[in-house]
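[1] Coordinates only, no sequence provided:
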């Protein structure tokens, strides 16, 4: 009887570990590829990008400055850059400092992944500042 309990416990442990796969591992398994620094810079530089939430947009200037505007009319500014790993990073004091997102191509759909592993489809950007 103890052997059956041990086998059952091992089976549950194996299934639990399989469920602990990271978002990045799941993306790789699906054939997605993480974009490099140059690719990410091309997507964001001199582009206004709607927020995935639909509640505003951000402009990523070529000089590294960053501006945002919510649909409610609030505005703000900070800086942005793409780090060597290819993550787009935004530094806005009002939002608590720097946050970075990995950028992936999943069968032609651009996906961003935050530091907690949450993924969202990236909205298409518009060339220039159209805030």
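    Right, received. Where do you want to start? Model, not experiment: these values are computed from the prediction.
[2] what's the first-to-last distance across stretch 99-116?
    11 Å (Cα to Cα, to the nearest Å).
[3] repeat for stretch 106-115
    Using Cα to Cα, the two ends of stretch 106-115 sit 18 Å apart.
[4] Of all the residues in that stretch, which ones are buried?
    110-113 (16 or more other Cβ atoms under 10 Å). Where you see a C-beta, it was placed from the backbone N, CA and C, and this is true even at glycine.
[5] Next: stretch 25-35.
    Quick answer for stretch 25-35 (16+ other Cβ under 10 Å): 27, 32, 34-35.
[6] which residues of the protein fall in helices?
    2-19, 23-29, 37-44 (DSSP state H).
[7] Just name the shakiest helix or strand of the protein by mean pLDDT.
    In the chain, the helix or strand scored least confidently by mean pLDDT, DSSP states H and E is helix 2-19, which has a mean of 41.
[8] Now do the strands in the protein.
    In the chain, the strands defined using DSSP state E lie at 33-34, 47-50, 56-60, 65-70, 75-82, 88-92, 97-106, 109-113, 119-121, 126-127.
[9] Might you list the low-confidence residue ranges for this structure?
    1-21, 28 (pLDDT under 70).
[10] one more time with 50
    For the chain, residues meeting the criterion pLDDT under 50 lie at 2-18.
[11] For residue 49, the count of nearby residues, please.
    19 (other Cβ atoms under 10 Å).
[12] let me redo that: residue 48
    Neighbours around residue 48, by other Cβ under 10 Å: 20.
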